[in-house]
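Student: Just a sequence and a predicted model for now, questions to come.
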Amino acid sequence: MPDMSDTEPLGAPSRNPWGRAPSLDDIAAMAHAALDTLEEPFRTHARSVAVKVEDFADDETLKSLGMENPYELTGLYSGVAMTLETPSAPSQTPAMVWLYRLAILDEWAATGDITLEELVAHVVIHEFGHHFGWSDDEIDAINDAED
């Protein structure tokens, strides 16, 4: 008779053979790894910006962007672009890049042709592009050139 001590009880959910979903800290580590690939002087400037990972954007953020579905927002830059900062009038808002884990995971599952690390890097570079003062069109052109 086989040893059943290692089996799960009948009706118990089976274990996920692929492991756990990436945590907030895992996404943050992927983001920092992507920042380490930036060329100078961008890498140095990026280190002064906080990266915060949450599951979703809060309701107030979504409302301010005219969004209802939290899965539509994978990242956000808050702060003043470097190109608009002046020594005589420094920003009172700290520069921060927000990454939204569940929205990123949802997009990653929907695309299926890139790694999670590649998607996180794409979102991170996009949001840091805003910190550097680049427009969405300029960021898209950079991303297209890399593809």
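Tutor: Received, thanks.

Student: ok, the nearest residue to Asp55 once chain neighbours are set aside - contacts?
Tutor: Spatial nearest neighbour of Asp55, excluding adjacent residues (Cβ to Cβ, 6 or more residues apart in numbering): Leu102 at 4.8 Å. (Glycine included, C-beta is placed from N, CA and C.) Contact analysis of Leu102 by Cβ atoms under 8 Å, 6 or more residues apart in numbering lists Asp55, Phe56, Pro70, Tyr71.

Student: A strand includes the last one, no?
Tutor: No: using DSSP: H, G, I helix; E, B strand; the rest coil, the secondary structure at Tyr71 is helix, not a strand.

Student: Would you enumerate the residues in contact with it?
Tutor: Counted by Cβ under 8 Å, 6+ apart, Tyr71 has contacts Phe56, Leu102, Ala103, Asp106, Glu107.

Student: can you tell me the helix or strand for the residue nearest the centre of the chain?
Tutor: Centroid-nearest residue in the chain: Leu99, 3.4 Å away (criterion: Cα atoms, centre = their mean). Secondary structure assignment for Leu99, by DSSP states H and E: strand 96-100.

Student: Next, the contact list for Trp98, please.
Tutor: Going by Cβ under 8 Å, 6+ apart, the list of residues near Trp98 reads Lys52, Val53, Glu54, Ala57, Thr61, Gly75, Leu76, Tyr77, Ser78, Glu127.
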